[in-house]
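Visitor: need a structure here:
(chains A and B)
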Protein chains: 2
Amino acid sequence: MISNNELKYIQSFAHKKHWAEETVYIIEGPKLLEEALKANCAIEKIYATSAWLDQQDLLGVPVETVDEVMLARMSQLNTPNQVIALVNKQQAVLAPFDKTFTLLLDGIQDPGNLGTIIRTADWFGIQQIIVTSDTASTYNPKVIQSTMGSCFRVMVEVADLETVLANNKLPVLGALLTGETVYKTPLPAIGFMLIGNESKGIRENLKQFITNPIAIPKFGGAESLNAAVATGILLSHWRNR
Amino acid sequence: MISNNELKYIQSFAHKKHWAEETVYIIEGPKLLEEALKANCAIEKIYATSAWLDQQDLLGVPVETVDEVMLARMSQLNTPNQVIALVNKQQAVLAPFDKTFTLLLDGIQDPGNLGTIIRTADWFGIQQIIVTSDTASTYNPKVIQSTMGSCFRVMVEVADLETVLANNKLPVLGALLTGETVYKTPLPAIGFMLIGNESKGIRENLKQFITNPIAIPKFGGAESLNAAVATGILLSHWRNR
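Guide: Coordinates of the predicted model:
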């Protein structure tokens, strides 16, 4: 039986304040649960329908059976989906920047875009992302949902990008209108790729660090590409370097 | 002064039924209006704040000044943005399939994905898209908004894809897990690119028409890519063929 306080606590994750303050975050649906269990995430508690629980083999995870009505009250989805869980946040342990390729996000605003970028980075084997503090929160349930589970595999850390770039003199790929076409220019295996805000692009104070300005050639009338689509295209060409 | 009937009519575009039935569709915000005017769309009526209207030079378009309160009542956006307009639907006039490259969408469900795909197609100079009848409606305001104006440049027609493919024996690119890597395989300049549903992929009855099965190489843990991101990656490599 769920107490009123526990219900209120779960519901509180709809609010931005709780994404930063709490040591746990919320995930929903069988697909995300499956990915979280596969990734050995530290799950604090699972609330699920008996139909879902009957098919699971959950050792050592506190579980509470809830009915559809309670699940709907707890859920932030339009269509609640069998299970909700609280997952412990994990401290990101980043690889040294000079041994890997790191994605840097400069103020991505839309939660769907951020989630899709994390998912796309995961597809292309990028294991770490640094985001500015004004990027959407990684613990926003909308971000979590749109990563489709990649949030359990890709480390995302908030940091001041100017400091990171000033302290690590490595190749920095950045999409600029004046950049070299990504189809022809050589792309470094190690370093950073800098992705700018959806409407404002890369901030002025960061542009100075770009060593490899690149551009996706345009053939039609659109003024710009969606940030997640652009990231996918750049990472695909980077992998095909 | 807006009559109650007129207000109700504008509000009715929140409902799916009206996207198909009406001869007009609704667009919102200065950016989309600017793009619609630039593309010489037949605009039926503009409802806008005087602040916006004062900066425009609108000849021959019926205009109604509304205050912020009325605009908010008419709007479907969380943050109403100065102007709403009714635009006449245009009959798509497609180029012959054997003279161009046509995108085929097989059941794209998410309005944001569809809008982003239209925007991405526009960027890469694709001028026509055929969609199945179970794809999201092009006249869904969420689709229109996320095209960022590309809906005025790219023609989208609903048709039975099996019929289209059976009647036009042209190269058909289709993303399949078993496909050739898009990094290496030759891609035809003329023909079709087939994009499948977000979770189910390309339907069985259409797979038989794929002449060039392709795949985006995967390097990490994500099970799949977002449909719009995948479309962008494929189109970028197609342009770089």
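Visitor: give me every residue that touches the nearest residue to A:Ala39 once chain neighbours are set aside.
Guide: With sequence-adjacent residues excluded and distances taken as C-beta to C-beta, 6 or more residues apart in numbering or on different chains, A:Ala39 is closest to A:Phe152, at 3.7 Å. Glycine gets a C-beta too; all of them are placed from N, C-alpha and C. Residues near A:Phe152 by C-beta atoms under 8 Å, 6 or more residues apart in numbering or on different chains: A:35-36, A:38-39, A:41.
Visitor: If we use 10 Å, what do you get?
Guide: Residues in contact with A:Phe152 (C-beta atoms under 10 Å, 6 or more residues apart in numbering or on different chains) are A:27, A:32, A:35-41, A:87, A:90, A:122, A:144, B:221.
Visitor: do the same with A:Ala42
Guide: Counting by C-beta under 10 Å, 6+ apart, A:Ala42 makes contact with A:24, A:36, A:61, A:86-90.
Visitor: gap between it and A:Gln76?
Guide: A:Ala42 is 21 Å from A:Gln76, where distance means C-beta to C-beta, to the nearest Å.
Visitor: repeat for A:Gln55
Guide: Note on A:Gln55: its distance to A:Gln76, by C-beta to C-beta, is 23 Å.
Visitor: and if you look at A:Thr185?
Guide: From A:Thr185 over to A:Gln76 (counting by C-beta to C-beta), the distance is 43 Å.
Visitor: what are the C-alpha coordinates of the worst-scoring helix or strand of chain A on mean pLDDT, in PDB please?
Guide: Least confident helix or strand, chain A: helix A:16-21 with a mean of 90, by mean pLDDT, DSSP states H and E. C-alpha atoms of helix A:16-21 as PDB (Å, rounded to 0.1, in the frame of the first residue of the first chain):
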ATOM      1  CA  LYS A  16      12.200  20.800 -12.100                       C
ATOM      2  CA  LYS A  17      13.500  21.500  -8.600                       C
ATOM      3  CA  HIS A  18      13.500  17.800  -7.700                       C
ATOM      4  CA  TRP A  19      15.600  16.800 -10.700                       C
ATOM      5  CA  ALA A  20      18.500  18.600  -9.200                       C
ATOM      6  CA  GLU A  21      17.900  18.200  -5.500                       C
END
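Visitor: Need the residues that contact that helix.
Guide: A:9, A:11-13, A:15, A:24-26, A:89, A:133, A:136-141, A:143-144, A:158.
Visitor: hmm, 6 Å instead?
Guide: Residues outside helix A:16-21 that contact it (C-beta atoms under 6 Å, 6 or more residues apart in numbering or on different chains): A:12, A:137, A:139-140.
Visitor: Stretch A:178-192 too?
Guide: With C-beta under 6 Å, 6+ apart, stretch A:178-192 has contacts from A:102, A:104, A:170-172, A:213-217, A:237-238, A:241, B:240.
Visitor: now the strand of greatest length in chain A: how far from the chain's centre is it?
Guide: Counting by DSSP state E, the longest strand found in chain A is strand A:172-181. For strand A:172-181, the separation from the chain centroid amounts to 23 Å (computed by C-alpha atoms, centre = their mean, to the nearest Å).
Visitor: avg pLDDT for that strand?
Guide: For strand A:172-181, the mean pLDDT works out to 93.
Visitor: and the next element down the chain from that strand?
Guide: strand A:191-196 (DSSP states H and E).
Visitor: so that next one versus strand A:172-181, what angle?
Guide: 70 degrees (axes from the mean of the first three to the mean of the last three C-alpha atoms, to 10 degrees).
Visitor: for the following helix or strand past strand A:191-196, which positions count as buried?
Guide: Toward the C-terminus, strand A:191-196 is succeeded by helix A:204-207 as the next helix or strand (DSSP H and E). Residues of helix A:204-207 classed as buried: A:206-207 (neighbour count, 16 or more other C-beta atoms under 10 Å in any protein chain shown).
Visitor: For helix A:204-207, which outside residues touch it?
Guide: Outside helix A:204-207, the residues that touch it by C-beta under 6 Å, 6+ apart are A:106, A:161-162.
Visitor: roughly how far out does it sit from the chain middle?
Guide: Using C-alpha atoms, centre = their mean, the offset of helix A:204-207 from its chain centre is 23 Å.
Visitor: tell me the mean pLDDT for the helix or strand just after it?
Guide: Of the helices and strands lying after helix A:204-207 in sequence (DSSP H and E), the nearest is strand A:212-215. Regarding strand A:212-215, the rounded mean pLDDT is 97.
Visitor: Tell me the strands beside strand A:212-215, with direction?
Guide: strand A:172-181 (parallel) (DSSP bridges).
Visitor: Could you export the strand it pairs with as PDB, CA atoms only?
Guide: Provided in PDB are the C-alpha atoms of strand A:172-181 (Å, rounded to 0.1, in the frame of the first residue of the first chain):
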ATOM      1  CA  VAL A 172      37.600  20.900 -31.100                       C
ATOM      2  CA  LEU A 173      35.100  20.200 -33.900                       C
ATOM      3  CA  GLY A 174      32.400  22.800 -34.100                       C
ATOM      4  CA  ALA A 175      29.600  23.400 -36.600                       C
ATOM      5  CA  LEU A 176      29.800  26.900 -38.000                       C
ATOM      6  CA  LEU A 177      28.200  28.300 -41.100                       C
ATOM      7  CA  THR A 178      31.700  29.200 -42.300                       C
ATOM      8  CA  GLY A 179      33.100  25.800 -41.600                       C
ATOM      9  CA  GLU A 180      34.600  23.300 -44.000                       C
ATOM     10  CA  THR A 181      32.200  20.700 -45.400                       C
END
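Visitor: which parts of that strand are buried?
Guide: A:172-176, A:179.
Visitor: one step back: gap between the residue nearest to A:Ala39 and A:Gln55?
Guide: 20 Å.
Visitor: ok, and what's touching the helix or strand following the least confident helix or strand of chain A?
Guide: Next helix or strand after helix A:16-21 toward the C-terminus (DSSP H and E): strand A:24-28. With C-beta under 6 Å, 6+ apart as the test, strand A:24-28 has contacts from A:13, A:44, A:77, A:84-88, A:139, A:141, A:144.
Visitor: low-scoring pLDDT stretches of chain A, where are they?
Guide: Within chain A, not a single segment meets pLDDT under 70.
Visitor: where exactly do the strands run in it?
Guide: Using DSSP E, strands in chain A cover A:24-28, A:43-48, A:63-65, A:83-88, A:101-106, A:128-131, A:155-158, A:172-181, A:191-196, A:212-215.
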